[in-house]
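this is a predicted model, with the sequence first.
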Amino acid sequence: MRAPTAAPLLEVDNLRTHFTTPGGLVKSVDGVSFTVGHQETVCIVGESGSGKSITARSIMGLVRRPGRVVGGRMNFRLRDGSTVDLAAIPPDSATYRAIRGREIGMIFQEPMSALSPVHTIGSQIEEGIRLHLGFGARAARERAVDALEKVGFPGARQRLNTYPFQLSGGLRQRVCIAMALACEPSLLIADEPTTALDVTTQANILELLLRLQGELGMAIVFITHDLGVVAEIADRVVVMYLGQVMEAGPASGILGHPRHPYTRGLLRCVADIEGDGLLRAIPGIVPHPLARPPGCPFSTRCEEMMPGLCDTTAPELLAINGESRVRCHLWSSGQPHVTEGAVHG
Ligand SMILES: Nc1ncnc2c1ncn2[C@@H]1O[C@H](COP(=O)(O)OP(=O)(O)OP(=O)(O)O)[C@@H](O)[C@H]1O
């Protein structure tokens, strides 16, 4: 974890990614904004269906049809110092392909989905190296060995001709990390990369990512359900719900003094923040994306819902102090409107 420099590496502004489905328009990402500083770790958290993965895929230009980025900007600073708006580049263009894998790497929850079952791990790692760095066969092979050694893959050189199915889940994820980092991108997007692994392997992979982040000086956007992981690695946190940012800011503030009732709800699921020895689930379920409630998307589950306001009028994402933002009517004047019985951090 490093302090960010002034100019952000990635600036996502009002990103909207929608799916046109037979049942209607699914607004998976609907006005999401956040920034990622150089060498910074930004964690995106939220329950299932909040739009975390689609946000990640939008940045990578990997949204599958019928999904499409329909609005917003994603200004990304290239290593030559110029800035491109990723939202303005066709995802299947040569320009995007040159950025994907070279400037931005990605790892996924399920390593098998990112690996070809019919190609050796060596050939898969070498492919990106040859494409992006223009290396010949021998040099690409050496770089692949180097990449595998960096991720702690045992017997890297001897096992280049191994197929993914011959490896454990932890080793497969190491191969994916080697593939993602072989060209030393300045940004790594990690979409729940440890969720499918056992606890010990999870810890090892997390430790590996942090070490490589330090060595390569890259930023990480880390998507996770696990607030324990967030506490360990995040510089800043973005809390999403139904395609929108509910709260964002420095990790210490989000975890130590959460402002949004949704953030507090997520924390109560894993920590005894009331001090009564109990963990509490957030009541209710995430609404179906085609049945978004009017007003605040969280109003149907919020214990502090103000009838006539929260269920009718959508709150804006407002700056609370320099770096923190919250989308909640309780904070709409900059100060909380304390409702009876409510405790505000
Ligand atoms: N191909 C698709 N067609 C229609 N809707 C989709 C499609 N892919 C995703 N969505 C919808 O977009 C919304 C956001 O999905 P996304 O996968 O980004 O959520 P998430 O926060 O990453 O959840 P999880 O933690 O379960 O991965 C969901 O409502 C999902 O149903």
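Now that the structure is in, tell me what you want to look at.

CA atoms for contacts and neighbours, from now on please.
Fine.

quick one, helices of the stretch 1-150 of the chain?
52-60, 94-99, 111-114, 121-133, 137-150 (DSSP state H, counting those that start in this stretch).

give me the contacts around the least confident helix or strand in the chain by mean pLDDT.
Every helix and strand of the chain was ranked by mean pLDDT, DSSP states H and E. The lowest is helix 111-114, at a mean of 81. Applying C-alpha atoms under 8 Å, 6 or more residues apart in numbering, the contact partners of helix 111-114 are Ile107, Phe108, Pro164, Gly169, Arg172, Gln173, Cys176.

can you list the buried residues in that helix?
Using 16 or more other C-alpha atoms under 10 Å as the test for burial, helix 111-114 gives Pro111, Ala114.

and the longest helix for the protein?
helix 199-216 (DSSP state H).

next, the angle from it to helix 137-150.
120 degrees (axes from the mean of the first three to the mean of the last three C-alpha atoms, to 10 degrees).

tell me which parts of the stretch 1-150 of the chain are close to the ligand?
Phe19, Val26, Ser28, Glu47, Ser48, Gly49, Ser50, Gly51, Lys52, Ser53, Ile54 (C-alpha under 6 Å from any ligand atom).

can you put those in CSV and add neighbour count and pLDDT?
Listed next are those as CSV, based on neighbours: other C-alpha atoms under 10 Å; pLDDT from 0 to 100:
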residue, neighbour count, pLDDT
Phe19, 19, 97
Val26, 20, 96
Ser28, 25, 96
Glu47, 16, 92
Ser48, 13, 91
Gly49, 17, 91
Ser50, 21, 94
Gly51, 25, 96
Lys52, 30, 96
Ser53, 22, 95
Ile54, 25, 97
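
and the two most separated of the residues you listed?
Within those, Phe19 and Glu47 form the most distant pair, 19.3 Å apart (C-alpha to C-alpha).

now the closest residue to the ligand within the stretch 201-345 of the chain. Nearest residue, chain neighbours left out?
Of all residues in the stretch 201-345 of the chain, Pro289 sits closest to the ligand, at 4.9 Å by C-alpha to the nearest ligand atom. Leaving aside its sequence neighbours, Pro289 sits nearest to Val26 (C-alpha to C-alpha, 6 or more residues apart in numbering; 6.0 Å).

for the one you found, name its beta-bridge partners.
Phe19 (DSSP bridges).

right, and it touches His18 too?
Yes - counting by C-alpha atoms under 8 Å, His18 is a contact partner of Val26 at 5.6 Å.

got the phi and psi for the residue nearest the centre of the chain?
By C-alpha atoms, centre = their mean, the chain has its centre lying nearest to Ile223, at 3.5 Å. When quoted as degrees, to the nearest 10, the phi and psi of Ile223 stand at phi -100, psi 130.

now Val238
Dihedral angles for Val238 - degrees, to the nearest 10 - are phi -120, psi 120.

can you report how many residues lie near it?
Residues lying near Val238 (other C-alpha atoms under 10 Å) number 29.

next one: it from Asp85, what distance?
Applying C-alpha to C-alpha, to the nearest Å, the value for Val238 to Asp85 is 21 Å.

cool, and Ala137?
Taking C-alpha to C-alpha, one finds Ala137 at 33 Å from Asp85.

thanks a lot, catch you later.
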